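K.L.:
Sequence and predicted structure, then a few things I'm wondering about:
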Number of protein chains: 2
Amino acid sequence: MTYCVGIKLNAGLVFLSDSRTNAGVDHISTFRKMIVYEQPGDRFMVLLSAGNLSISQSVREILQIEELQEPNGGPPITIWNAKSMFDAARVLGSAVRHVYDRDAEALKHAGLDFNVSFVFGGQVKGEGMRLFLVYSAGNFIEATNETPYFQVGESKYGKPVLDRVLTPETPLDEAAKCALVSMDSTMKSNLSVGLPLDLVVYEANKLQTDRVICIDAENPYYRMMHNSWGQKLREVFDSIEDPVWDDSVSEHPLKMPAARHSALRKISTPEEKLI
Amino acid sequence: MTYCVGIKLNAGLVFLSDSRTNAGVDHISTFRKMIVYEQPGDRFMVLLSAGNLSISQSVREILQIEELQEPNGGPPITIWNAKSMFDAARVLGSAVRHVYDRDAEALKHAGLDFNVSFVFGGQVKGEGMRLFLVYSAGNFIEATNETPYFQVGESKYGKPVLDRVLTPETPLDEAAKCALVSMDSTMKSNLSVGLPLDLVVYEANKLQTDRVICIDAENPYYRMMHNSWGQKLREVFDSIEDPVWDDSVSEHPLKMPAARHSALRKISTPEEKLI
């Protein structure tokens, strides 16, 4: 399994991926799921991948040489000359379709779906930052102000904190912290998501970044965050009062009236049957 | 969709279910997913269901009259005369199999899986409390001290808080609070899980309970918990320092050294290709 998240903010972009890959539970390996494409001053792009590893690796390989021929002629579009992130995402979609053409039928014979998805974001000189979610059919959607992040892989455990925190106005480092908390919750509940993590933080309009880091169990910030989050979450949980049951209905906000006459179907004797 | 959780503690049992059912996103209805079977002083059982509603309703209907004939003769076992929760779970499994025999083939023709699962727990006089997860094949597993809860339905969003809080020693009302927080996180991230909730808290060896409540958006405890949790979670998040980037590697626990030489594959020019 995999967990990757990409976030688009007014201040920049944040990308985070884990590195655990498993085929069943007895074949667990470490594969990096992030690649950074950078031509300083001209373009900066990050690709995160989830799904069948043979497919995503093939797509990444092909993407380097993929050329999209436009019907109206002109030089073919590649990720290195695309004039927009939209066109670069089209090149990625085309690479996905080439791998589909090559592998999908044989995978189907083996009982496997053509299962792959990507988060692809960045900035090309001359336009704003953009963030895409690219599906296994090579089609894609783009993040907006209302939905400023995309996840691929094991996305559910880590989604609540993203929903609670992220807006386009969130500062970059706060969003990086949020992504790490989201990853931490995911790793706590799913063994198939694991360290080390790859984190990239990109500041708007820089067209390059030095903020690329591999985070392992020894990383002091990650350890501090992991311990603090678990401990403080527990403190918050403890600070909320337990429900109090009371047979007399009360307006006190902590009272939960015991509902003998709840609308719930409560079958009290064998005779009181449903039928 | 559905989210239900059952928890077994030394002090008793907690059951919580939502009530939203959907067929697609344009057909959303309210169906209660909890039934309490109670013969005060003799037995107390709660059934939570998830999956295809036509299957789970049929199972619940049949369960009232289901009889399990033992090979060695004797009177047939029902949920009302079973001498153990294990036997009662076998009766439930048998009811599931009867519905399978009746409906599975026609469902398959319609392209539908026989998709249903149950959390079933309680206490029969003469033995301790027990909690089971019953699958669509009618087989089941039992909760233990190491795994004191079972979920069915949309379980992932609400799992991290259960993993962080629950142990067999957790007090009953604290576990009820934990289940409600887990439900709250689930409802925040998945529109197909919704109010009202059904909550049952059972105290060990009572063989009956009055703590049965239907919780809607007006419930003062739920509103307090919902607001406090969201707000305090945000405060905890804010209280953890953001990562600080620094080109000089530092031992300060908040410093994240910018890793120009990260092991991450960073492709800086078109020439530096993967291939």
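P.N.:
Right, received. Where do you want to start?
K.L.:
wait, doesn't A:Thr2 sit right on A:Asp18?
P.N.:
Yes: counting by Cβ atoms under 8 Å, A:Thr2 does reach A:Asp18; the two are 6.3 Å apart. (C-beta placed from N, C-alpha, C; glycine too.)
K.L.:
between those two, who's got more neighbours?
P.N.:
A direct count of neighbours by other Cβ atoms under 10 Å in any protein chain shown for A:Thr2 and A:Asp18 places A:Asp18 higher, at 30 against 26.
K.L.:
Who are the contact partners of the more buried one?
P.N.:
Neighbouring residues of A:Asp18 by Cβ atoms under 8 Å, 6 or more residues apart in numbering or on different chains: A:Thr2, A:Tyr3, A:Cys4, A:Lys33, A:Gly153, A:Met183, A:Thr186, A:Met187, A:Val193, A:Gly194, A:Leu195, A:Leu197.
K.L.:
Determine the number of other residues adjacent to the fourth one.
P.N.:
Same thing as A:Lys33. 26.
K.L.:
Okay, strands next: where are they in the stretch 51-200 of chain A?
P.N.:
A:116-124, A:130-134, A:140-142, A:149-153, A:197-203 (DSSP state E, counting those that start in this stretch).
K.L.:
Let's see the fourth one as PDB, backbone CA atoms only.
P.N.:
Just to be clear, that refers to strand A:149-153. Included here for strand A:149-153 are C-alpha records, laid out as PDB according to Å, rounded to 0.1, in the frame of the first residue of the first chain:
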ATOM      1  CA  TYR A 149      -5.300  18.800  -1.700                       C
ATOM      2  CA  PHE A 150      -5.300  15.400  -3.400                       C
ATOM      3  CA  GLN A 151      -4.500  12.000  -1.800                       C
ATOM      4  CA  VAL A 152      -3.600   8.700  -3.500                       C
ATOM      5  CA  GLY A 153      -3.300   5.300  -1.800                       C
END
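K.L.:
and it with strand A:130-134, angle?
P.N.:
Between strand A:149-153 and strand A:130-134, the angle comes out at 30 degrees (axes from the mean of the first three to the mean of the last three Cα atoms, to 10 degrees).
K.L.:
Run me through the strand neighbours of strand A:149-153, direction for each.
P.N.:
Applying DSSP bridges to the sheet, strand A:149-153 is found paired with strand A:3-8 (antiparallel).
K.L.:
what about the closest residue in space to A:Asn81 that isn't next to it in sequence, how many neighbours?
P.N.:
Leaving aside its sequence neighbours, A:Asn81 sits nearest to A:Pro75 (Cβ to Cβ, 6 or more residues apart in numbering or on different chains; 7.2 Å). A:Pro75 has 9 neighbours, counted by other Cβ under 10 Å.
K.L.:
Ok, the one 5 residues further on next?
P.N.:
Under the neighbour criterion other Cβ under 10 Å, A:Trp80 is assigned a count of 18.
K.L.:
ditto for A:Asp87
P.N.:
Other residues close to A:Asp87 by other Cβ under 10 Å number 17.
K.L.:
And it, what's its pLDDT?
P.N.:
A:Asp87 is assigned 96 on the pLDDT scale.
K.L.:
next one: A:Glu127
P.N.:
In this prediction, A:Glu127 carries a pLDDT score of 96.
K.L.:
Please list the residues of the stretch 1-150 of chain A that sit near chain B.
P.N.:
For the stretch 1-150 of chain A, the residues in contact with chain B (Cβ under 8 Å from any Cβ of the partner chain) are A:32, A:34-40, A:60-61, A:64-65, A:78, A:80.
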